[in-house]
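A.B. asks: My questions are about this predicted structure, shown below with the sequence.
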Protein chains: 2
Amino acid sequence: MNGKRTKRAQPLYKSQSNAQDHIISERKRREKLTQRFVALSAVVPGLKRMDKASVLGDAQKHIKYLEEKVGEFEEQKRERRLESMVLAKKSKLILDDNNQSSSSSCCEDDSSTLDLPEIEVKFSDKDVFIKILCEKQKGHVAKIMAEVEKWNFSITNSSVLPFGPTLDITI
Amino acid sequence: MNGKRTKRAQPLYKSQSNAQDHIISERKRREKLTQRFVALSAVVPGLKRMDKASVLGDAQKHIKYLEEKVGEFEEQKRERRLESMVLAKKSKLILDDNNQSSSSSCCEDDSSTLDLPEIEVKFSDKDVFIKILCEKQKGHVAKIMAEVEKWNFSITNSSVLPFGPTLDITI
DNA sequence: AGGTACACGTGACTC
DNA sequence: TGAGTCACGTGTACC
(Lines give C-alpha, C1' and ligand atoms only; values in the text may rest on other atoms or scores of the structure.)
Protein backbone atom coordinates (compact mmCIF):
# COMPACT_ATOMS: atom_id res chain seq x y z
CA MET A 1 0.00 0.00 0.00
CA ASN A 2 2.53 2.49 1.17
CA GLY A 3 5.10 1.83 -1.44
CA LYS A 4 8.30 0.08 -0.58
CA ARG A 5 8.27 0.17 3.20
CA THR A 6 5.59 -1.13 5.47
CA LYS A 7 5.58 0.83 8.64
CA ARG A 8 4.47 -0.65 11.89
CA ALA A 9 2.92 1.55 14.54
CA GLN A 10 4.41 -0.38 17.44
CA PRO A 11 7.04 -3.07 17.29
CA LEU A 12 5.14 -6.30 17.34
CA TYR A 13 7.45 -8.21 19.58
CA LYS A 14 10.43 -6.65 21.29
CA SER A 15 12.26 -9.89 21.85
CA GLN A 16 12.08 -12.99 19.74
CA SER A 17 11.42 -15.07 22.81
CA ASN A 18 8.05 -13.39 22.91
CA ALA A 19 7.54 -14.21 19.29
CA GLN A 20 8.40 -17.79 20.04
CA ASP A 21 5.90 -17.75 22.87
CA HIS A 22 3.33 -16.51 20.48
CA ILE A 23 4.06 -19.34 18.11
CA ILE A 24 3.84 -21.88 20.88
CA SER A 25 0.60 -20.42 22.18
CA GLU A 26 -0.95 -20.55 18.78
CA ARG A 27 0.23 -24.09 18.33
CA LYS A 28 -1.38 -25.01 21.62
CA ARG A 29 -4.60 -23.36 20.64
CA ARG A 30 -4.72 -25.21 17.34
CA GLU A 31 -3.99 -28.45 19.11
CA LYS A 32 -6.85 -27.96 21.54
CA LEU A 33 -9.12 -26.98 18.69
CA THR A 34 -8.46 -30.12 16.69
CA GLN A 35 -8.87 -32.14 19.85
CA ARG A 36 -12.31 -30.65 20.36
CA PHE A 37 -13.07 -31.40 16.76
CA VAL A 38 -12.40 -35.09 17.14
CA ALA A 39 -14.31 -35.12 20.42
CA LEU A 40 -17.30 -33.58 18.70
CA SER A 41 -17.13 -35.89 15.72
CA ALA A 42 -17.12 -38.80 18.16
CA VAL A 43 -20.63 -38.01 19.39
CA VAL A 44 -22.12 -37.39 15.95
CA PRO A 45 -23.38 -40.66 14.50
CA GLY A 46 -23.41 -41.49 10.81
CA LEU A 47 -20.61 -39.11 10.05
CA LYS A 48 -19.51 -39.90 6.53
CA ARG A 49 -16.91 -37.25 5.77
CA MET A 50 -14.52 -36.20 8.49
CA ASP A 51 -14.21 -32.69 7.17
CA LYS A 52 -14.18 -29.91 9.68
CA ALA A 53 -17.00 -28.27 7.82
CA SER A 54 -18.90 -31.54 7.64
CA VAL A 55 -18.38 -32.17 11.33
CA LEU A 56 -19.75 -28.75 12.17
CA GLY A 57 -22.70 -29.07 9.81
CA ASP A 58 -23.65 -32.57 10.82
CA ALA A 59 -23.27 -31.74 14.49
CA GLN A 60 -25.68 -28.85 14.09
CA LYS A 61 -28.10 -31.00 12.13
CA HIS A 62 -27.93 -33.73 14.71
CA ILE A 63 -28.61 -31.31 17.54
CA LYS A 64 -31.67 -30.08 15.70
CA TYR A 65 -32.84 -33.64 15.17
CA LEU A 66 -32.33 -34.59 18.81
CA GLU A 67 -34.06 -31.52 20.11
CA GLU A 68 -37.03 -32.14 17.86
CA LYS A 69 -37.22 -35.70 19.11
CA VAL A 70 -37.13 -34.54 22.73
CA GLY A 71 -39.91 -32.10 21.92
CA GLU A 72 -42.04 -34.91 20.53
CA PHE A 73 -41.47 -37.01 23.60
CA GLU A 74 -42.46 -34.22 25.92
CA GLU A 75 -45.55 -33.61 23.84
CA GLN A 76 -46.48 -37.25 24.18
CA LYS A 77 -45.99 -36.90 27.88
CA ARG A 78 -48.47 -34.04 27.90
CA GLU A 79 -50.93 -36.07 25.85
CA ARG A 80 -50.93 -38.70 28.55
CA ARG A 81 -52.19 -36.23 31.07
CA LEU A 82 -54.78 -35.08 28.58
CA GLU A 83 -55.81 -38.69 28.20
CA SER A 84 -56.55 -38.84 31.90
CA MET A 85 -58.69 -35.78 31.54
CA VAL A 86 -60.66 -37.32 28.72
CA LEU A 87 -61.14 -40.39 30.81
CA ALA A 88 -62.51 -38.28 33.63
CA LYS A 89 -64.92 -36.60 31.27
CA LYS A 90 -66.06 -39.96 30.02
CA SER A 91 -66.72 -41.21 33.50
CA LYS A 92 -68.70 -38.13 34.18
CA LEU A 93 -70.93 -38.88 31.23
CA ILE A 94 -71.55 -42.30 32.65
CA LEU A 95 -72.41 -40.70 35.92
CA ASP A 96 -74.90 -38.45 34.21
CA ASP A 97 -76.47 -41.36 32.40
CA ASN A 98 -77.02 -43.25 35.58
CA ASN A 99 -77.95 -40.51 37.91
CA GLN A 100 -79.61 -38.03 35.59
CA SER A 101 -82.32 -36.88 38.00
CA SER A 102 -81.12 -37.29 41.54
CA SER A 103 -78.10 -35.14 41.93
CA SER A 104 -77.35 -32.24 44.23
CA SER A 105 -76.04 -32.47 47.78
CA CYS A 106 -72.73 -33.83 46.59
CA CYS A 107 -71.08 -30.55 45.91
CA GLU A 108 -72.00 -27.12 46.97
CA ASP A 109 -72.00 -25.48 43.58
CA ASP A 110 -72.65 -27.40 40.41
CA SER A 111 -71.22 -24.70 38.18
CA SER A 112 -67.65 -25.44 39.15
CA THR A 113 -67.87 -29.12 38.30
CA LEU A 114 -65.88 -28.62 35.12
CA ASP A 115 -62.51 -30.01 36.13
CA LEU A 116 -63.84 -31.90 39.07
CA PRO A 117 -62.44 -35.17 40.28
CA GLU A 118 -63.40 -38.20 38.40
CA ILE A 119 -66.36 -39.91 40.00
CA GLU A 120 -67.68 -43.30 39.06
CA VAL A 121 -70.78 -44.92 40.51
CA LYS A 122 -72.20 -48.36 39.87
CA PHE A 123 -75.28 -50.07 41.21
CA SER A 124 -76.03 -53.73 41.69
CA ASP A 125 -79.12 -54.60 43.67
CA LYS A 126 -78.59 -52.89 46.93
CA ASP A 127 -74.82 -52.53 46.61
CA VAL A 128 -73.36 -49.21 45.57
CA PHE A 129 -69.86 -48.82 44.23
CA ILE A 130 -68.32 -45.36 44.41
CA LYS A 131 -64.91 -44.48 43.12
CA ILE A 132 -63.55 -40.98 43.48
CA LEU A 133 -60.34 -39.80 41.90
CA CYS A 134 -59.37 -36.40 43.18
CA GLU A 135 -56.36 -34.25 43.79
CA LYS A 136 -54.08 -35.14 46.59
CA GLN A 137 -54.92 -32.44 49.07
CA LYS A 138 -55.47 -32.26 52.78
CA GLY A 139 -59.06 -32.33 53.92
CA HIS A 140 -60.55 -33.87 50.81
CA VAL A 141 -60.81 -37.31 52.25
CA ALA A 142 -62.38 -36.07 55.47
CA LYS A 143 -64.95 -34.02 53.58
CA ILE A 144 -65.86 -36.89 51.33
CA MET A 145 -66.21 -39.27 54.23
CA ALA A 146 -68.33 -36.82 56.15
CA GLU A 147 -70.51 -36.38 53.09
CA VAL A 148 -70.93 -40.10 52.56
CA GLU A 149 -71.80 -40.64 56.19
CA LYS A 150 -74.77 -38.30 55.79
CA TRP A 151 -76.36 -40.95 53.63
CA ASN A 152 -77.61 -43.87 55.63
CA PHE A 153 -75.59 -46.46 53.80
CA SER A 154 -73.65 -49.17 55.48
CA ILE A 155 -70.06 -49.09 54.30
CA THR A 156 -68.80 -52.58 53.67
CA ASN A 157 -65.36 -51.62 52.42
CA SER A 158 -63.35 -48.53 51.61
CA SER A 159 -59.82 -47.91 50.46
CA VAL A 160 -57.80 -44.77 49.88
CA LEU A 161 -54.65 -45.23 47.89
CA PRO A 162 -52.29 -42.75 46.25
CA PHE A 163 -52.13 -42.83 42.48
CA GLY A 164 -49.59 -40.41 41.16
CA PRO A 165 -50.62 -36.90 42.06
CA THR A 166 -54.15 -38.03 42.90
CA LEU A 167 -55.95 -40.11 45.43
CA ASP A 168 -58.01 -43.12 44.45
CA ILE A 169 -60.86 -43.50 46.88
CA THR A 170 -63.06 -46.58 46.57
CA ILE A 171 -66.07 -47.13 48.79
CA MET B 1 17.35 -27.91 5.85
CA ASN B 2 19.17 -27.90 2.60
CA GLY B 3 21.41 -24.99 3.27
CA LYS B 4 20.75 -21.67 1.71
CA ARG B 5 18.30 -22.61 -0.97
CA THR B 6 15.09 -24.42 -0.44
CA LYS B 7 14.48 -26.60 -3.40
CA ARG B 8 11.06 -27.49 -4.46
CA ALA B 9 10.45 -30.77 -6.20
CA GLN B 10 7.80 -29.27 -8.36
CA PRO B 11 6.99 -25.61 -8.65
CA LEU B 12 3.96 -25.23 -6.52
CA TYR B 13 2.18 -22.78 -8.74
CA LYS B 14 3.41 -22.01 -12.24
CA SER B 15 1.42 -18.88 -12.69
CA GLN B 16 0.48 -16.48 -10.00
CA SER B 17 -3.11 -16.54 -11.13
CA ASN B 18 -3.21 -20.07 -9.76
CA ALA B 19 -1.67 -18.88 -6.54
CA GLN B 20 -4.33 -16.23 -6.35
CA ASP B 21 -6.95 -18.87 -6.94
CA HIS B 22 -5.51 -20.80 -4.09
CA ILE B 23 -5.73 -17.79 -1.82
CA ILE B 24 -9.32 -17.17 -2.84
CA SER B 25 -10.25 -20.80 -2.37
CA GLU B 26 -8.76 -20.86 1.08
CA ARG B 27 -10.56 -17.67 1.93
CA LYS B 28 -13.80 -19.22 0.79
CA ARG B 29 -13.15 -22.30 2.85
CA ARG B 30 -12.47 -20.26 5.97
CA GLU B 31 -15.59 -18.25 5.32
CA LYS B 32 -17.74 -21.37 5.10
CA LEU B 33 -16.09 -22.72 8.21
CA THR B 34 -16.89 -19.68 10.32
CA GLN B 35 -20.39 -19.72 8.91
CA ARG B 36 -20.83 -23.28 10.11
CA PHE B 37 -19.46 -22.21 13.44
CA VAL B 38 -22.11 -19.59 13.96
CA ALA B 39 -24.78 -21.99 12.72
CA LEU B 40 -23.67 -24.53 15.26
CA SER B 41 -23.49 -22.04 18.09
CA ALA B 42 -27.05 -21.03 17.24
CA VAL B 43 -28.43 -24.43 18.19
CA VAL B 44 -26.44 -24.79 21.39
CA PRO B 45 -28.35 -23.22 24.28
CA GLY B 46 -26.76 -21.55 27.26
CA LEU B 47 -23.63 -20.75 25.36
CA LYS B 48 -21.70 -18.35 27.50
CA ARG B 49 -18.44 -17.84 25.64
CA MET B 50 -18.46 -17.64 21.88
CA ASP B 51 -15.04 -19.17 21.55
CA LYS B 52 -14.56 -21.65 18.78
CA ALA B 53 -13.20 -24.10 21.30
CA SER B 54 -16.10 -23.41 23.66
CA VAL B 55 -18.61 -23.83 20.86
CA LEU B 56 -17.14 -27.18 19.96
CA GLY B 57 -16.95 -28.35 23.54
CA ASP B 58 -20.42 -27.20 24.51
CA ALA B 59 -21.89 -28.62 21.32
CA GLN B 60 -20.41 -31.99 22.14
CA LYS B 61 -21.61 -31.78 25.71
CA HIS B 62 -25.09 -30.81 24.58
CA ILE B 63 -25.28 -33.68 22.15
CA LYS B 64 -24.34 -36.05 24.93
CA TYR B 65 -27.01 -34.55 27.16
CA LEU B 66 -29.70 -34.76 24.51
CA GLU B 67 -28.87 -38.29 23.56
CA GLU B 68 -29.00 -39.35 27.17
CA LYS B 69 -32.39 -37.73 27.52
CA VAL B 70 -33.68 -39.45 24.40
CA GLY B 71 -32.39 -42.71 25.76
CA GLU B 72 -34.32 -42.22 28.96
CA PHE B 73 -37.49 -41.43 27.07
CA GLU B 74 -37.16 -44.44 24.86
CA GLU B 75 -36.54 -46.62 27.86
CA GLN B 76 -39.71 -45.31 29.46
CA LYS B 77 -41.53 -45.96 26.22
CA ARG B 78 -40.20 -49.49 26.12
CA GLU B 79 -41.28 -50.07 29.72
CA ARG B 80 -44.78 -48.92 28.92
CA ARG B 81 -45.00 -51.24 25.96
CA LEU B 82 -43.78 -54.04 28.16
CA GLU B 83 -46.59 -53.29 30.57
CA SER B 84 -49.11 -53.41 27.76
CA MET B 85 -47.73 -56.70 26.60
CA VAL B 86 -47.97 -58.10 30.07
CA LEU B 87 -51.52 -56.92 30.29
CA ALA B 88 -52.48 -58.58 27.01
CA LYS B 89 -50.76 -61.75 28.05
CA LYS B 90 -52.58 -61.71 31.32
CA SER B 91 -55.93 -61.34 29.65
CA LYS B 92 -55.23 -64.37 27.58
CA LEU B 93 -54.19 -66.28 30.63
CA ILE B 94 -57.48 -65.51 32.26
CA LEU B 95 -59.15 -66.65 29.09
CA ASP B 96 -57.28 -69.90 29.31
CA ASP B 97 -58.29 -70.26 32.89
CA ASN B 98 -61.88 -69.86 31.98
CA ASN B 99 -61.85 -72.07 28.95
CA GLN B 100 -59.51 -74.70 30.34
CA SER B 101 -59.92 -76.72 27.15
CA SER B 102 -58.04 -74.82 24.48
CA SER B 103 -54.41 -75.75 24.37
CA SER B 104 -52.43 -73.85 21.76
CA SER B 105 -54.68 -71.08 20.57
CA CYS B 106 -53.39 -68.43 22.88
CA CYS B 107 -51.55 -66.34 20.34
CA GLU B 108 -53.99 -66.01 17.49
CA ASP B 109 -57.31 -65.95 19.22
CA ASP B 110 -57.49 -62.27 20.04
CA SER B 111 -61.10 -61.75 19.09
CA SER B 112 -62.56 -63.71 21.95
CA THR B 113 -60.83 -61.57 24.57
CA LEU B 114 -63.57 -59.02 24.30
CA ASP B 115 -65.95 -60.90 26.54
CA LEU B 116 -63.44 -61.01 29.30
CA PRO B 117 -63.99 -59.71 32.78
CA GLU B 118 -63.79 -55.99 32.96
CA ILE B 119 -60.25 -54.84 33.44
CA GLU B 120 -59.23 -51.26 33.87
CA VAL B 121 -55.65 -50.07 33.93
CA LYS B 122 -54.37 -46.57 34.42
CA PHE B 123 -50.88 -45.19 34.40
CA SER B 124 -49.53 -42.14 36.13
CA ASP B 125 -45.77 -41.79 35.99
CA LYS B 126 -44.61 -44.94 37.66
CA ASP B 127 -47.84 -45.74 39.45
CA VAL B 128 -50.13 -48.35 37.99
CA PHE B 129 -53.76 -48.67 38.88
CA ILE B 130 -55.44 -51.96 38.12
CA LYS B 131 -59.10 -52.73 38.67
CA ILE B 132 -60.50 -56.13 37.89
CA LEU B 133 -64.18 -56.95 37.97
CA CYS B 134 -64.76 -60.66 37.67
CA GLU B 135 -67.21 -63.35 38.68
CA LYS B 136 -67.36 -64.37 42.25
CA GLN B 137 -65.71 -67.73 42.12
CA LYS B 138 -63.27 -69.61 44.25
CA GLY B 139 -59.64 -69.45 43.21
CA HIS B 140 -59.88 -66.38 41.03
CA VAL B 141 -58.42 -64.06 43.55
CA ALA B 142 -55.54 -66.36 44.32
CA LYS B 143 -54.72 -66.77 40.65
CA ILE B 144 -54.81 -63.05 40.02
CA MET B 145 -52.62 -62.31 42.98
CA ALA B 146 -50.15 -64.96 41.95
CA GLU B 147 -50.05 -63.45 38.49
CA VAL B 148 -49.56 -59.96 39.75
CA GLU B 149 -46.76 -61.03 42.00
CA LYS B 150 -44.85 -62.28 38.98
CA TRP B 151 -44.32 -58.69 37.89
CA ASN B 152 -41.73 -56.85 39.82
CA PHE B 153 -44.09 -54.11 40.93
CA SER B 154 -44.32 -52.97 44.48
CA ILE B 155 -47.94 -53.15 45.59
CA THR B 156 -48.84 -50.09 47.62
CA ASN B 157 -52.44 -51.04 48.24
CA SER B 158 -54.98 -53.61 47.25
CA SER B 159 -58.59 -54.23 48.10
CA VAL B 160 -61.02 -57.01 47.28
CA LEU B 161 -64.65 -56.26 47.91
CA PRO B 162 -67.85 -58.03 46.92
CA PHE B 163 -70.07 -56.15 44.56
CA GLY B 164 -73.25 -58.02 43.82
CA PRO B 165 -72.44 -61.26 42.08
CA THR B 166 -68.94 -60.03 41.23
CA LEU B 167 -65.73 -59.18 42.96
CA ASP B 168 -64.19 -55.74 42.69
CA ILE B 169 -60.44 -56.08 42.96
CA THR B 170 -58.39 -52.92 43.06
CA ILE B 171 -54.60 -52.97 43.15
C1' DA C 1 0.94 -5.18 29.32
C1' DG C 2 0.61 -10.03 29.00
C1' DG C 3 -2.80 -13.27 27.47
C1' DT C 4 -6.20 -14.89 24.43
C1' DA C 5 -8.41 -15.30 20.09
C1' DC C 6 -9.04 -14.72 15.25
C1' DA C 7 -8.08 -14.32 10.04
C1' DC C 8 -4.78 -14.38 6.75
C1' DG C 9 -1.38 -16.18 3.23
C1' DT C 10 1.28 -20.10 2.21
C1' DG C 11 3.42 -24.80 1.71
C1' DA C 12 2.31 -29.52 1.68
C1' DC C 13 -0.53 -33.54 1.08
C1' DT C 14 -4.27 -36.42 -1.08
C1' DC C 15 -7.64 -38.18 -4.13
C1' DT D 1 -3.53 -32.09 -12.95
C1' DG D 2 -6.10 -29.73 -10.12
C1' DA D 3 -9.41 -28.86 -6.68
C1' DG D 4 -9.99 -29.61 -1.70
C1' DT D 5 -8.19 -29.84 2.90
C1' DC D 6 -5.03 -29.14 6.60
C1' DA D 7 -1.36 -27.07 9.78
C1' DC D 8 1.75 -23.60 10.27
C1' DG D 9 3.74 -18.97 11.27
C1' DT D 10 2.41 -14.33 11.47
C1' DG D 11 -0.07 -9.82 12.09
C1' DT D 12 -3.59 -7.68 14.58
C1' DA D 13 -7.15 -6.64 17.94
C1' DC D 14 -9.42 -6.80 22.38
C1' DC D 15 -9.27 -7.05 27.27
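C.D. replies: That came through, no problem. Since we're looking at a predicted model, the values are computed, not measured.
A.B. asks: I believe A:Ile169 is in a strand; please confirm or correct that.
C.D. replies: Yes - applying DSSP: H, G, I helix; E, B strand; the rest coil, one finds A:Ile169 inside a strand.
A.B. asks: Hmm, A:Val160 is touching A:Ile171, no?
C.D. replies: No - using C-beta atoms under 8 Å, A:Val160 is not in contact with A:Ile171, being 9.2 Å away. In short, each C-beta sits where N, CA and C put it, glycine included.
A.B. asks: higher neighbour count, these two?
C.D. replies: A:Ile171 (19 against 16; other C-beta atoms under 10 Å in any protein chain shown).
A.B. asks: Can you give me the distance of the more buried one to chain B?
C.D. replies: For A:Ile171, the distance to chain B (C-beta to the nearest C-beta, to the nearest Å) stands at 9 Å.
A.B. asks: DNA strand C contacts on chain A?
C.D. replies: Within chain A, the positions lying close to DNA strand C (C-beta under 7 Å from any atom of the strand) are A:Asp21, A:His22, A:Ser25, A:Glu26, A:Arg29.
A.B. asks: same thing but at 6 Å, please
C.D. replies: Proximity of chain A to DNA strand C, by C-beta under 6 Å from any atom of the strand, involves residues A:Ser25, A:Glu26, A:Arg29.
A.B. asks: Most neighbours among the residues you listed, which one?
C.D. replies: Ranking the residues of chain A next to DNA strand C using other C-beta under 10 Å puts A:Arg29 first, with 13 neighbours.
A.B. asks: Tell me the pLDDT of it.
C.D. replies: A:Arg29 carries a pLDDT value of 95.
A.B. asks: contacting residues for it?
C.D. replies: The neighbours of A:Arg29, taking C-beta atoms under 8 Å, 6 or more residues apart in numbering or on different chains as the test, are B:Ala53.
A.B. asks: Which of the helices or strands spans it?
C.D. replies: When elements are assigned from DSSP states H and E, A:Arg29 belongs to helix A:16-42.
A.B. asks: quick one, that helix and helix B:16-42 angle?
C.D. replies: For helix A:16-42 against helix B:16-42, the angle by axes from the mean of the first three to the mean of the last three C-alpha atoms, to 10 degrees is 60 degrees.
A.B. asks: can you list the domains in chain A?
C.D. replies: Following automatic domain parsing, one gets these domains for chain A: A:12-80, A:84-170.
A.B. asks: what sits against A:His56?
C.D. replies: To be clear, residue A:56 is Leu; His isn't right here. B:Leu33, B:Arg36, B:Phe37, B:Ala39, B:Leu40.
A.B. asks: Show the pLDDT at the fourth one.
C.D. replies: Turning to B:Ala39, the model gives it a pLDDT of 95.
A.B. asks: The residue lying closest to it once chain neighbours are set aside: neighbour count?
C.D. replies: If the residues on either side of it in the chain are set aside, B:Ala39 comes closest to A:Gln60, at 5.3 Å by C-beta to C-beta, 6 or more residues apart in numbering or on different chains. Neighbouring residues of A:Gln60 were enumerated by other C-beta under 10 Å; the total is 21.
A.B. asks: A:Gln60 sits in which helix or strand?
C.D. replies: Going by DSSP H and E, A:Gln60 is in helix A:52-99.
A.B. asks: Wait, a helix at A:Gly46?
C.D. replies: No - per three-state DSSP, A:Gly46 lies outside any helix segment and is coil.
A.B. asks: Name the nearest residue to it, ignoring sequence neighbours.
C.D. replies: In space, A:Gly46 is closest to A:Asp58, 7.7 Å off (C-beta to C-beta, 6+ apart).
A.B. asks: so the one you found makes contact with A:Leu40?
C.D. replies: No - the pair A:Asp58 and A:Leu40 does not pass the contact test of C-beta under 8 Å, sitting 9.5 Å apart.
A.B. asks: more crowded one of the two?
C.D. replies: With neighbours defined as other C-beta under 10 Å, A:Asp58 and A:Leu40 compare such that A:Leu40 has more, 24 against 21.
A.B. asks: near DNA strand D, which residues of chain A?
C.D. replies: A:Arg8, A:Leu12, A:Ala19, A:His22, A:Ile23, A:Glu26, A:Arg27, A:Arg30, A:Thr34, A:Asp51, A:Lys52, A:Ala53.
A.B. asks: from these, which would you call buried?
C.D. replies: A:Lys52 (16 or more other C-beta atoms under 10 Å in any protein chain shown).
A.B. asks: Of the residues of chain A next to DNA strand D, which fall within the contact range of chain B?
C.D. replies: The residues of these that also fall near chain B, by C-beta under 8 Å from any C-beta of the partner chain, are A:Lys52, A:Ala53.
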